Every structure is written in C-alpha cells, then in structure tokens.
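# Predicted structure and sequence below. I'll ask about it afterward.
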Amino acid sequence: MKKNFQNMSDEDVYYLLYDEKSKREAFDELYSRYSSKIYTYCRKVLNNEPAADDIFQETFTRFYESSLVDREMTNVAGFLIKIARNLCLNEKDKKYNKQVSIEDFQFQVNDKSFEKKELNDILNMGLILLPEKYREVLILKEFLDFSYQEIADTLGESLSVIRIRIYRAKAKLREVLSPYFEEYKNNKLDKDHE
C-alpha cells in the first residue's frame, strides 16, 4: 500500500527511511522533492555535465547510506546540499591543477530562441568567472531558491557574512557581465536595424 507523503515534512519522510516497509517509497519521495535542485547545484558548481552526473548520483547514494545510521535530521535539503557540496569540492580539488581553456566548456541549453541561448551563455560565462565563494552563494540563492538562513546553515557561515557575500557576488557578476551585455545589446540593435 502506497503512503501519502503529500502532507508530511521532509524530516518525517526521512525518518521513514528507518522502516524497512516504507524505506523505498520514502527515498523515492525525497528524491522527487530534491533531485532537480541537487542536479542544478552540481551542474552550476562543476560546469561539467559528466562530472555533475556522477556527483549527483553519489550524493543520493551517500544520502541513502546515511539513513542506515541513526541520526537526528532537522534539515533534509541542507543535508543533501552539504553532501553535494563536499563531493563537488573534492571533485574540483582533483581537477585543480589541470588547466582548461574557456572554450572547453560546453553549456547545454534547451531554449529554442537563439537570443535566449546567447543570454544563457553569457550568464554561465559570468558564473564561471566569479570566485568560488561568490558563485556558490549565487547558485544557492538564485538557482535553488535557498533563503539566506539556509545558505548560512549549509555553508557554516553567519547570516551577515552570507548577505555581504551575495551582495558582492551580484555586484561582481554585474561588473563581469557588463561588457558582454553591452556587446549583446549593440549586436541586437544592429540586427533590428537591418
């Protein structure tokens, strides 16, 4: 008999992972709630689809394995992001000394519009150029819709540090992207006048 998880908190569903009869359904429910956010995080942090796929799978494997240990769970989303973050940092450490040119990066865009693709490419380029501490908070805030407090808890920083970091990240992103957007705007005006 299938359980109705709709009105259950993440933490209540997590505790069902300890019950052999409900374990599979509880895991599937948490996976459906968080898989797209975790994948987005891995993809944006690593900028490498194969590595993101591997880290994404490893995150949920470790999450499942963590349910074998009796633990108090107060924030499932934060716990998953911490697992993904640690795995991403380890992956980046492995690749740290390998030099890669910006042309080696490929971004998958499902947008039909060429203009949207161009804008998405520019935004992704801007994210790549940001220092890691700024890129990470922007991904958590803008792509995963984490609150400032959730970001602070996940990264182990104070709320004021996170607010300052997000403010600086947005300012740095504007600074990095301004020449690209100026060029994009000029090209668009030229095309419109043809």
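Thanks, I have the structure now.

# ok, which stretches of the protein are helices?
Across the chain, reading from the start of the chain, the helices by DSSP state H fall at 10-15, 23-46, 49-66, 76-95, 114-129, 132-138, 148-155, 159-192.

# Indicate which one of those is closest to residue 3.
helix 23-46 (5.5 Å; C-beta to C-beta). Every residue, glycine included, has its C-beta placed from N, CA and C.

# contacts for that closest one?
Contacting residues not belonging to helix 23-46 are listed as 2-3, 5, 10, 13-14, 16-17, 19, 49, 51-53, 55-56, 59-60, 63-64, 67, 76-77, 80-81, 84-85, 87-88, 91-92, 127, 135-136, 139-140, 143-144 [C-beta atoms under 8 Å, 6 or more residues apart in numbering].

# in this structure, which ranges drop under the pLDDT threshold?
By pLDDT under 70, the low-scoring segments of the chain are 1-2, 95-116, 181, 184-185, 187-194.

# now do 80
1-3, 70-71, 93-125, 180-194 (pLDDT under 80).

# measure the most centrally placed residue in it to residue 70 for me?
Closest residue to the average C-alpha location of the chain: residue 41 at 1.4 Å, with C-alpha atoms, centre = their mean. Distance from residue 41 to residue 70, counting by C-beta to C-beta, to the nearest Å: 27 Å.

# can you check residue 16 too?
With distances defined as C-beta to C-beta, the gap from residue 16 to residue 70 amounts to 14 Å.

# Please say which of the two ends up with more neighbours.
Taking other C-beta atoms under 10 Å, residue 16 and residue 70 do not tie; residue 16 has more neighbours (20 against 6).

# tell me the contacts of that one?
Counted by C-beta under 8 Å, 6+ apart, residue 16 has contacts 3, 22, 23, 25, 26.

# Quick one, which of the residues you listed are buried?
Among the contacts of residue 16, those scoring as buried are 22, 25, 26 (criterion: 16 or more other C-beta atoms under 10 Å).
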